[in-house]
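*Asks:* The following block contains a protein sequence and its predicted model.
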Amino acid sequence: MAEIAEEGRQALLVMDMQRAIVGFVEESEALLERTRGAIAAARAAGLPVLFVVVRFRPGLPEISRRNLSFGRLAERGISLTDGDPAAEIHPDLDPEASDPVVVKLRVSAFAGSDLAVLLSAAEVDHLVLAGIATSGVMLSTVRQAADLDYRLTVLGDCCADRDAEVHRILLEKVLPTQARIMDAAAWAGTLGP
């Protein structure tokens, strides 16, 4: 079997850390602080930082009645549309003007977005993932990115889920089959001085 190539060009994806979604998880302040640290480390190392958000048109024409996940959001009155403050990236993460914001229409960061084009243009082949929820965007993006042959690192302390047990099982048993699981500080330590 051929050896796996050395680490390639990395990019940090900060996924679904929008006002409404961050509000679903406990200890969100600590999560945001660790994520800010990961963003700072990526920038210091010259790595691209991309923010991924789920956002819909007014009236939610992209949401099918058959889609349970997004249908539940709509039932709760969370529209995640342009101009809706709930859809904004959490202000504690403060994206820079040069950080691409990728708009997706489904759970995976690749679904209905131009993410693959941006990653290809930047010659990225190793994704470092932070986001909410572990059972949503994290799981779906890891699965799809692995099938697209990206190297993957999940920052386990920069993701969260409403269900702590689901979060634990995914980080300990499911996601390690396709991604390296690290905490943000350890990952930052691999980036050099």
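*Replies:* In hand now; what should we look at? Numbering: from 1, shown residues only.
*Asks:* Now do the helices in this structure.
*Replies:* 19-22, 28-44, 68-75, 115-121, 139-147, 164-169, 184-189 (DSSP state H).
*Asks:* Let's test this: name the helix or strand in this protein with the lowest mean pLDDT.
*Replies:* Within the chain, no helix or strand scores below helix 68-75, which has a mean of 73 by mean pLDDT, DSSP states H and E.
*Asks:* Other residues contacting it?
*Replies:* 60, 62-65, 79-80, 106-107, 136 (Cβ atoms under 8 Å, 6 or more residues apart in numbering). All C-beta atoms are positioned from the backbone trio N, CA, C, and that covers glycine.
*Asks:* now stretch 96-112
*Replies:* 13, 15, 43, 48-56, 62, 69-70, 89, 95, 113-116, 118, 136-137, 140-141, 143-145, 148.
*Asks:* Please indicate which of the residues you listed are buried?
*Replies:* Among the contacts of stretch 96-112, those buried by neighbour count (16 or more other Cβ atoms under 10 Å) are 13, 15, 48-56, 70, 89, 95, 113, 115, 136-137, 140-141, 143-145.
*Asks:* what would the contacts of helix 68-75 look like in CSV with pLDDT and distance to Leu170?
*Replies:* As requested, these are arranged in CSV below (pLDDT from 0 to 100; distance: Cβ to Cβ, whole Å):
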residue, pLDDT, distance to Leu170
Leu60, 79, 28
Glu62, 81, 26
Ile63, 78, 25
Ser64, 79, 26
Arg65, 78, 28
Ser79, 75, 27
Leu80, 86, 23
Arg106, 92, 19
Val107, 93, 14
Gly136, 94, 10
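*Asks:* Got a PyMOL select line for the buried ones in these?
*Replies:* One line in PyMOL is enough to select the buried ones among the contacts of helix 68-75; burial here means 16+ other Cβ under 10 Å:
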select buried, resi 63+79+80+106+107+136
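*Asks:* what's the closest of the contacts of helix 68-75 to Thr35?
*Replies:* Gly136 (16.2 Å; Cβ to Cβ).
*Asks:* Please tell me I have it right and the closest one contacts Asp16.
*Replies:* Yes: Gly136 is within contact range of Asp16, at 7.1 Å (criterion: Cβ atoms under 8 Å).
*Asks:* any idea which residue sits dead centre in the chain?
*Replies:* Computing the C-alpha centroid of the chain and ranking residues by Cα atoms, centre = their mean puts Met15 first, at 2.5 Å.
*Asks:* which ones are touching the residue nearest to that residue when sequence neighbours are not counted?
*Replies:* Once flanking residues are discounted, Met15 sits nearest to Gly131: 3.1 Å by Cβ to Cβ, 6 or more residues apart in numbering. Residues near Gly131 by Cβ under 8 Å, 6+ apart: 13-17, 52, 137-138, 141, 158-159.
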